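> requesting a structural model of the entry that follows:
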Amino acid sequence: MCHYVPVQHVTDAERRSRLAIRHALAPDFRADSPVAATRAVTALHATEPATVYLSCWARVAALTLADVDQAIYQDRVLVKQLAMRRTLFVFPRDLLPTVWPSSAARVARTERARLGKDVVASGLAENGDDWIDQARKEVLAVLADAPEGLSAIDVRRAVPRIAVKVIGQAGEAWSAPRVLTVLGAAGDIVRGVNTGRFPASQPRWTLTGQWLGDVPAPRGVAEGYRDLVRHWLYSFGPGTEDDIVWWLGATKTIVRTALSELDAVAVSLDNGATGWLLPDDTDPVADPGSWVALLPVLDPTVMGWRDRDFYLGPYRDELFESRGNAGTTVWADGRAIGTWVQDDRGAVRVQLLESVPPSTQRALTEEAERLTEWLGGVRIGTGYVSPAMRSATRALG
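Predicted structure coming up:
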């Protein structure tokens, strides 16, 4: 069983050192590929397509857009999958058998239930489950004849059943993409080739088996959750039970069971809470040295915990928008201390929320110049604009 009496103390400073090392952000600990960068944080947020590329850029030296495309669309060792908290992530391919029966299945059940109720309420069918089953059958049959995949528009045209517009219970309108979302969460289909240019997302939906070929069978539900918690503890530990529950989008019972089966070790934290570590990961980590980073909206590092005070300090309200989503962040030595935006020419501009030493300012200037050159004039739009980002944009005039 996991040890409920804290056996040691982990300071905020050490947590920030762990973050730098485990998340491949400190210079001496950078990843060597998009796959390694993804493993460093378990999974990359992919709600906005540019985030995947920018999260990899922050962690991999000499990265190109083609490197990320290669991993996702050619080698297919990174795969987009709806999972925790109904969020689109990019996972290492070998984690899919862990994700499918646990977090993704939970999302699929919730989305299917909502869809079924809306189908009945709209008068499309008397039995929502039967309608979804038939829609699934027809969509899978169409995609089976399209090994290169089809866009959502093409699927809708080929399957008249889902070429409908329905007003859901919350007042939102939905049509074919809602059905594809359910099938994607369930692992029946996957977002395949992207027909849009960076940083747009225009995927072709493809049968999972056609896109990935042979993949290991999904694990059991409890085993899947346990493995996800194990990965989270390595990437983000120590963290609290509430942190894991929030990140996983699961229940306390699920998390407590996983912690117990992993023999997780309790540690005390500076804020007085109890955190958890894997039993073979309790040794203090080395000082990673000074480092800076420019992270995109929804980067896994800034979104990895529920209690974020040890790296946000007083800046939560400035760096997160009203719905609880992180905007772009500027980091120095394990703390988020500002934001970055682009000017009209696409140049990256840093705005800090506190004063920093000249050496840190120089490092941030160099990093901004490096990102500006890498983006090559491409401006990154976002639906997640924090107050700090608005302020920085206004300052540009």
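> can we go C-alpha only for contacts and neighbour counts from here?
Noted.
> residues making contact with stretch 237-251?
Contact with stretch 237-251 is made by 10, 15, 84-85, 103, 229, 232-233, 252, 255-256, 267, 273-278, 304-307, as judged by CA atoms under 8 Å, 6 or more residues apart in numbering.
> among the residues you listed, which ones are buried?
The neighbour-count criterion (16 or more other CA atoms under 10 Å) marks 10, 15, 84, 103, 229, 232-233, 255-256, 267, 274-278, 304-306 among the contacts of stretch 237-251 as buried.
> among these, which are in strands?
10, 267, 274-277 (DSSP state E).
> what residues are up against the closest residue to Asn127 other than its chain neighbours?
Leaving aside its sequence neighbours, Asn127 sits nearest to Val120 (CA to CA, 6 or more residues apart in numbering; 6.4 Å). Applying CA under 8 Å, 6+ apart, we find Val120 in contact with 126-128.
> so Val120 is in which element?
helix 105-121 (DSSP states H and E).
> one step back: drop anything exposed from the contacts of Val120.
For these, buried by 16+ other CA under 10 Å: Gly128.
> counting only helices, which of the contacts of Val120 make the cut?
Gly128 (DSSP state H).
> show me the contact partners of stretch 150-168.
So stretch 150-168 is contacted by 118-119, 122, 135, 138-139, 142-143, 173-177, 179-180, 202-206 (CA under 8 Å, 6+ apart).
> name the residues of that stretch that are buried.
Buried-residue list, stretch 150-168, by 16+ other CA under 10 Å: 150-152, 155-156, 158-159, 161-162, 166, 168.
> and if you look at stretch 308-316?
310-312, 315-316.
> what is the nearest of those residues to Asp333?
Distance to Asp333 across the buried residues of stretch 308-316 (CA to CA) is lowest for Tyr311, with 9.4 Å.
> what packs against whatever helix or strand the closest one lives in?
Element membership of Tyr311 [criterion: DSSP H and E] is helix 309-312. Counting by 3 or more CA pairs under 8 Å, 6 or more residues apart in numbering; DSSP states H and E, the packing neighbours recorded for helix 309-312 are helix 12-22, strand 335-342.
> after that helix, which helix or strand is next?
Next element after helix 309-312 (DSSP H and E): helix 316-319.
> any stretches of the stretch 1-150 of the chain with poor pLDDT?
1-5 (pLDDT under 70).
> how about the helices in it?
12-22, 34-40, 49-57, 65-69, 96-99, 105-121, 128-144 (DSSP state H, counting those that start in this stretch).
> other SSEs contacting the third one?
The one in question is helix 49-57. So helix 49-57, by 3+ CA pairs under 8 Å, 6+ apart, packs with helix 34-40, strand 44-45, helix 65-69.
> give me the contacts around that helix.
Against helix 49-57 from outside (CA under 8 Å, 6+ apart): 34, 37-38, 44-46, 63-65, 68, 90, 198-201, 295-299, 380.
> go again using 6 Å as the cut-off
34, 37, 46, 63, 199, 296 (CA atoms under 6 Å, 6 or more residues apart in numbering).
> go on, stretch 69-76?
77-78, 193.
> got it, and stretch 357-373?
347-348.
> hey, C-alpha coordinates of that stretch in PDB?
Listed next in PDB are the C-alpha coordinates belonging to stretch 357-373 (Å, rounded to 0.1, in the frame of the first residue of the first chain):
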ATOM      1  CA  PRO A 357      18.800  40.000 -13.500                       C
ATOM      2  CA  PRO A 358      20.500  41.200 -16.700                       C
ATOM      3  CA  SER A 359      21.700  37.700 -17.400                       C
ATOM      4  CA  THR A 360      18.200  36.400 -17.400                       C
ATOM      5  CA  GLN A 361      17.000  39.300 -19.600                       C
ATOM      6  CA  ARG A 362      19.700  38.500 -22.100                       C
ATOM      7  CA  ALA A 363      18.800  34.800 -22.200                       C
ATOM      8  CA  LEU A 364      15.100  35.700 -22.700                       C
ATOM      9  CA  THR A 365      16.000  38.100 -25.500                       C
ATOM     10  CA  GLU A 366      18.100  35.400 -27.200                       C
ATOM     11  CA  GLU A 367      15.200  32.900 -26.800                       C
ATOM     12  CA  ALA A 368      12.700  35.300 -28.300                       C
ATOM     13  CA  GLU A 369      15.000  35.900 -31.300                       C
ATOM     14  CA  ARG A 370      15.400  32.100 -31.700                       C
ATOM     15  CA  LEU A 371      11.700  31.600 -31.700                       C
ATOM     16  CA  THR A 372      11.100  34.500 -34.100                       C
ATOM     17  CA  GLU A 373      13.600  33.000 -36.600                       C
END
